[in-house]
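> Quick one, structure for this:
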Amino acid sequence: MIKDVGDFGQPPHAAKNKELVERRLKDVANGTGLQETLTIEWRTKPQVVQVIDMPVDGLYYNPGTHRIRAQRSYDPQLDRRLDEDPWTDESQKYLEDLLRAEPSDPSKRDKDFEALKQSLNDFRQNEPGLITREGILVNGNTRAAALRELGVADIRVAVLPDSCTWADINRVELSLQLRHDTRRPYSYINRLLTIDEQVEAGRPLKEVARDFRIRESTAEQDLWVLSCLRDLSERSLTGEVQLRLLDFEDAQERLREVHRAYAKESKADLQKAELLKENRLAAIVMNFSKTDVRLIGADFRGRYLEHRLPDELKAAPAAAPARVIPGINRVVKAPAPQVSEARAFTDSVLRAKAVVRAKEKVPSAQWEQATTVFETAHQAVEDALEPAGKDARVRKRKQAAPDRLNDACQDIEQCITDMVLANASRTLDEEALDDAVLKLKATLKKLAQATAQTIEVPGEGVEWLRDAVRQERP
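Residues are numbered from 1 along each chain as shown. Here you go, the predicted structure:
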């Protein structure tokens with residue numbers, strides 16, 4: 001394997017593995033039976049590579065795999081040792097443990113891993129993994145971990161060309177991962193990190209979005225979310241403990257909704273947009289539900305929360321002075337006092353949660369104090385959400401469109417039941433039903449046109465409707 005930037009070096013038994021790989025490739029080439037191959041994307045072109053059997057215990061987990069990129073931070077000490085030498089037994093064992101673990105909480109076994117293990121036990125491999133000639137797993141790391149646990153001796157793997165580099169390994173892993181099949185997808189945070197890595201490597205965002213089969217605007221949203229999460233992680237630092245990116249693994253939909261709300265609000269008032277973002281991020285850190293987070297707007301703190309907070313959670317930092325950009329002498333305004341107060345509250349919650357999550361690493365007195373702060377903040381927000389919810393319900397009565405759609409959905413559900421009953425009694429009027437469906441189609445087209453005129457930042461449902469209508473156009 002050729003050295004390049006980001007090279008992890010070669011594992012201890014690279015030469016031994018390479019010799020075995022070459023021997024088995026030669027045996028397959030000289031054989032008379034049906035040969036198994038795998039087609040991969042190799043330097044922008046399709047390439048067919050040969051499949052062989054290899055001893056699973058002799059292969060190495062890929063230290064650069066994107067599957068567990070965020071989870072590596074679970075144990076900072078082992079993560080550092082992994083950077084220093086990824087091929088030691090300790091480092092490889094850490095990688096194996098993370099491959100078996102739940103993405104949002106690596107202290108627990110992943111149910112998806114157990115399902116994969118059961119599938120391999122019942123049906124063996126559906127498709128081959130992929131390795132370098134030195135025995136590094138490019139694809140199939142999780143399957144290898146499951147096969148080892150099952151005590152299976154060999155794994156079917158395709159073999160990359162001898163000229164592969166670590167850049168090739170990263171590109172091939174990504175292309176295989178994004179294929180539409182039954183492969184377990186990257187976790188949310190690992191997908192964000194992979195998109196960011198590709199953009200930082202100089203690839204155009206449009207091209208990266210195409211690889212992930214998402215819109216460029218969605219990729220931009222993902223990068224915005226990742227930037228927010230990195231900021232939250234940095235702000236949570238307390239002594240030697242802080243929140244990790246993987247601590248936000250289960251917040252995907254809530255974070256995306258924050259971005260949509262922020263983008264919409266920022267077009268009218270950037271300060272309100274920042275307030276809304278800080279207020280909602282604090283609620284996400286406290287693990288409030290998506291429906292609760294939706295109740296939180298730019299005015300949430302001033303209208304509902306401020307008078308419920310204890311004095312120690314109201315303290316705001318000293319007003320920051322305006323900054324002057326060197327070279328152009330341009331003055332950048334300091335954040336508004338309301339934004340600074342909101343950030344200070346979020347910072348308090350972040351630091352408290354970081355300490356609470358690190359119970360084994362901090363003094364008991366510090367942990368108890370942080371627990372009190374976190375629970376007090378959580379209770380204050382929970383109490384504030386009650387009147388905010390009541391006001392939201394009042395406003396919702398003035399916005400009947402979603403309610404009418406929900407009523408229409410219930411009518412369609414009843415229609416399905418009526419169709420089943422009519423079909424059983426052979427009384428279904430198929431021509432009338434077809435006419436009604438065509439009318440529904442025309443109505444949905446009108447609804448899509450109306451959303452295009454009124455909704456600037458569409459959510460998942462409206463995007464689906466628009467896509468469905470676009471696909472119907474000749």
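> where do the helices sit along the stretch 1-150 of the chain?
Ranges of helices within the stretch 1-150 of the chain are 14-30, 76-84, 89-100, 111-123, 141-150, based on DSSP state H, counting those that start in this stretch.
> Out of those helices, the one nearest residue 426 is which?
Among those, the nearest to residue 426 by C-beta to C-beta is helix 111-123 (42.1 Å). All C-beta spots, glycine's among them, are computed from the backbone N, C-alpha and C.
> top strand in this structure by residue count?
The longest strand of the chain (DSSP state E) is strand 45-55.
> which other helices and strands contact that one?
For strand 45-55, the contact count by 3 or more C-beta pairs under 8 Å, 6 or more residues apart in numbering; DSSP states H and E identifies helix 14-30, strand 37-42, strand 154-159 as packing neighbours.
> quick one: that strand to strand 37-42, angle?
130 degrees (axes from the mean of the first three to the mean of the last three C-alpha atoms, to 10 degrees).
> Sheet-wise, list the partners of strand 45-55 with their directions.
With DSSP bridges as the test, strand 45-55 is paired with strand 37-42 (antiparallel), strand 154-159 (antiparallel).
> how far is the last one from where the chain is centred?
Going by C-alpha atoms, centre = their mean, to the nearest Å, the spacing between the C-alpha centre of strand 154-159 and its chain's C-alpha centre is 29 Å.
> same deal with the first one?
Here the centre of mass of C-alpha atoms in strand 37-42, compared against the chain's by C-alpha atoms, centre = their mean, lies 27 Å away.
> and what of stretch 195-203?
16 Å.
> And it, what's buried?
Residues of stretch 195-203 classed as buried: 195, 196, 197, 198, 199 (neighbour count, 16 or more other C-beta atoms under 10 Å).
> Need those in JSON lines (columns: pLDDT and secondary structure).
Below are the buried residues of stretch 195-203 laid out as JSON lines (pLDDT from 0 to 100; DSSP: H, G, I helix; E, B strand; the rest coil):
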{"residue": "195", "pLDDT": "94", "secondary structure": "helix"}
{"residue": "196", "pLDDT": "95", "secondary structure": "helix"}
{"residue": "197", "pLDDT": "92", "secondary structure": "helix"}
{"residue": "198", "pLDDT": "91", "secondary structure": "helix"}
{"residue": "199", "pLDDT": "94", "secondary structure": "helix"}
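> What ranges in this structure fall below the confidence cut-off?
Scanning the chain for pLDDT under 70 picks out 1-6, 179-184, 315-335, 397-400, 473-474.
> And the strands in it, which stretches?
Under the criterion DSSP E, the chain contains strands at 37-42, 45-55, 101-102, 105-109, 129-131, 137-139, 154-159, 323-325, 330-332.
> who does the shortest one touch, helix- and strand-wise?
Counting contacts by 3+ C-beta pairs under 8 Å, 6+ apart, strand 101-102 is packed against strand 105-109.
> Quickly run through the sheet partners of the strand it packs on, with directions.
strand 101-102 (antiparallel).
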